[in-house]
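**Student:** build me a structure from this.
(2 chains)
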Amino acid sequence: MPIAVENVSYTYLPGTPFEHRALKDVSFTIADGEFVGIIGHTGSGKSTLIQIISSLIPQTAGRVLIDGVDYSQKDADKKKLRRTVGVVFQYPEYQLFEETIAKDIAYGPRMTGIPEEELENRTQVAMELVGMDYETYKDKSPFELSGGQKRKIAIAGVLAMEPKILIMDEPIAGLDPLGRESLMDLVKNLNDCGMTILMISHNMDGLAEYASRILVMNQGELMMNGTPREVFREHEALRAAGLDLPEAGQLVEALRAKGIAISEENIRFDEVKEELIRMLGGKAHD
Amino acid sequence: MIKNITLGQYFPGDSVMHRMDPRMKFLLTLALIVLIFCVRTVYGYAAVVAVLLLAILLSRISVKYVLKGIKPLWFILVFTFILNIFFITEGEVLLEWWIFRITEGGLIKAVNIAVRLVLLVSITTVLTLTTSPMEITDALERLLKPLTVLHFPAHEMALMMSIALRFIPTLVDETDRIMKAQTARGASFDSGGLIKRAKGMVPILVPLFVSAFKRADELALAMESRCYHGGKNRTRMKVMHMSFRDFVALGIVAGVTVFICFGF
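**Tutor:** Numbers count the residues shown, from 1 in each chain, chains lettered A, B, ... in the order given. Prediction:
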């Protein structure tokens, strides 16, 4: 299910004093099985972009093709789109509403036309994926859970639709370090199983480690589109766009400022470590 | 997904109308509304329309934009017009067909009511377009202050109003977000019969209420932790001042009032 975004623009509230061009002529393609990170300053248009890709708001100009189909057309099969593209919004725990956890998770699949007899199995699989025991939790109210658990349930609700493409908006915001790590691991696993991932995140280190490609948004334009290494070595440009470097990148920058000629190509801590050991004349080993 | 919510539609600007004291704007709007119902002749209407046009001109908002406020009203306009024209049977008969009879008195009454409704809405629209909701509540608090002598909770009323107004956009955003999240899970809110649609609202309403209560809780906590207690002895950051332009406006409206009450 490749995604093609072609010359997409979006204008908020055109013709009023609040008119704002949120996206300006954005084009890119995403192949199957990619893990794409989207980074950008607040208001750079990343959220608008993913909402257009998932056909939740109509673009002002341009088009989006998912597996060659333009789902913004009136006669498009919306249910198929919803099954294909799963969207996890920021703070997804606020979308829970059912009496029991199992019912809430089954809501998405049920609405997108999955047969009733398949629902229980899907719910069970989705809960196991996010690490929540099915038997223990299925009949509990989602409102009894802690914040982190609620989020897991909300994500399970999206995974139960078994989407080919998973779009996530800042999924780790507000989680504790352990929760972040387990969520990133989950996403990585899903990606390894062939799911295309599109993730907005401010967690540069996570993206440097997991993403196969990074899109940098700046003031509604696609500023950069490349591998994490290609993107994160552009220290100046990222700073200008109001973005942070991964922590390893910040370390490299600090070392370079001290006159140590370490390459900006190093964007992860293990890489920095090896490079430093090599520079000190030692032998790199684990 | 929720488009064109124009509740308390404020049109930011820096015109003479925007800078007028909100108290004066509020009182003059009230005066004009009362006045509309005292008008008995075409000249009287002309005078009110002139004041309205002057206000729109000074606000630097296009007449078209102001008239957009009437759009949701067309049904009531047409409805009252038809009721009046057919059910008031005074004066000379102009047209008669089957059981319908249109009389001069009915026609005049119908036109009268329609014009009054349009003027009413346009005048209040100019007020809300040029005055932010916060200014209106502040003005109301000031105007109701004398009633505190009678133990009327003016400050609390104003606080409730401003909190309610403050949270309208927040709740609209929230609703929009929840709707999108549920849409992405396959929900659809605009298909099926009435019952199906009502049921379809549950996935929006439950999360919305949960978050609204949470917000209310947080706000109460935040206010308490800053030792908030009522309006006693509080001073304002922005003190409202009457200035020359406010008295000019008062003069104009007073003039029109005299014009209408004595003669037209």
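
**Student:** of all the residues in chain A, which ones are close to chain B?
**Tutor:** Contact residues, chain A versus chain B (Cβ under 8 Å from any Cβ of the partner chain): A:17, A:51, A:54, A:56-57, A:78-79, A:82-83, A:85-87, A:89, A:92, A:94-97, A:107-113, A:143, A:157-158, A:161. (Each C-beta comes from the backbone N, C-alpha and C, glycine too.)

**Student:** restricted to buried residues, select the residues you listed in ChimeraX.
**Tutor:** The ChimeraX command for the buried members of those (criterion: 16 or more other Cβ atoms under 10 Å in any protein chain shown) is given here:
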select /A:51,54,56,57,82,83,85,86,87,89,92,94,95,96,97,107,108,109,110,111,112,157,158,161
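
**Student:** from the residues of chain A next to chain B, which land in strands?
**Tutor:** Under the assignment DSSP state E, the residues of chain A next to chain B contribute A:Val85, A:Gly86, A:Val87 to strands.

**Student:** for the residue of the stretch 101-250 of chain A found nearest chain B, which non-adjacent residue is spatially closest?
**Tutor:** At 3.2 Å from chain B, A:Met111 is the closest residue in the stretch 101-250 of chain A, using Cβ to the nearest Cβ. Closest residue to A:Met111 apart from its sequence neighbours, by Cβ to Cβ, 6 or more residues apart in numbering or on different chains: B:Gly186 at 3.2 Å.

**Student:** now swap in A:Pro171 and tell me
**Tutor:** Using Cβ to Cβ, 6+ apart and skipping residues adjacent in sequence, the residue nearest A:Pro171 is A:Val88, 5.6 Å away.

**Student:** so for chain B, the centremost residue is which one?
**Tutor:** Chain B has B:Thr124 as the residue nearest its centroid, 5.4 Å off, counting by Cα atoms, centre = their mean.

**Student:** quick check: that one touching B:Leu32?
**Tutor:** No. Applying Cβ atoms under 8 Å as the test, B:Thr124 and B:Leu32 come out as separate, 9.2 Å apart.

**Student:** taking the residues of chain A next to chain B one by one, which sit in helices?
**Tutor:** A:Gln51, A:Lys78, A:Lys79, A:Arg82, A:Arg83, A:Tyr107, A:Gly108, A:Pro109, A:Arg110, A:Met111, A:Gly157, A:Val158 (DSSP state H).

**Student:** turn the residues you listed into CSV, including distance to B:Asp190 and pLDDT.
**Tutor:** Compiled in CSV, these are given as follows (distance: Cβ to Cβ, whole Å; pLDDT from 0 to 100):
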residue, distance to B:Asp190, pLDDT
A:Gln51, 18, 94
A:Lys78, 12, 87
A:Lys79, 15, 88
A:Arg82, 15, 92
A:Arg83, 20, 92
A:Tyr107, 18, 94
A:Gly108, 18, 93
A:Pro109, 21, 93
A:Arg110, 19, 92
A:Met111, 14, 90
A:Gly157, 22, 95
A:Val158, 22, 95
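
**Student:** how about these, which pair is most distant?
**Tutor:** A:Gln51 and A:Arg110 (23.2 Å; Cβ to Cβ).

**Student:** center of chain A - which residue?
**Tutor:** Note: chain A centre (Cα atoms, centre = their mean) maps to A:Met199, 1.2 Å.
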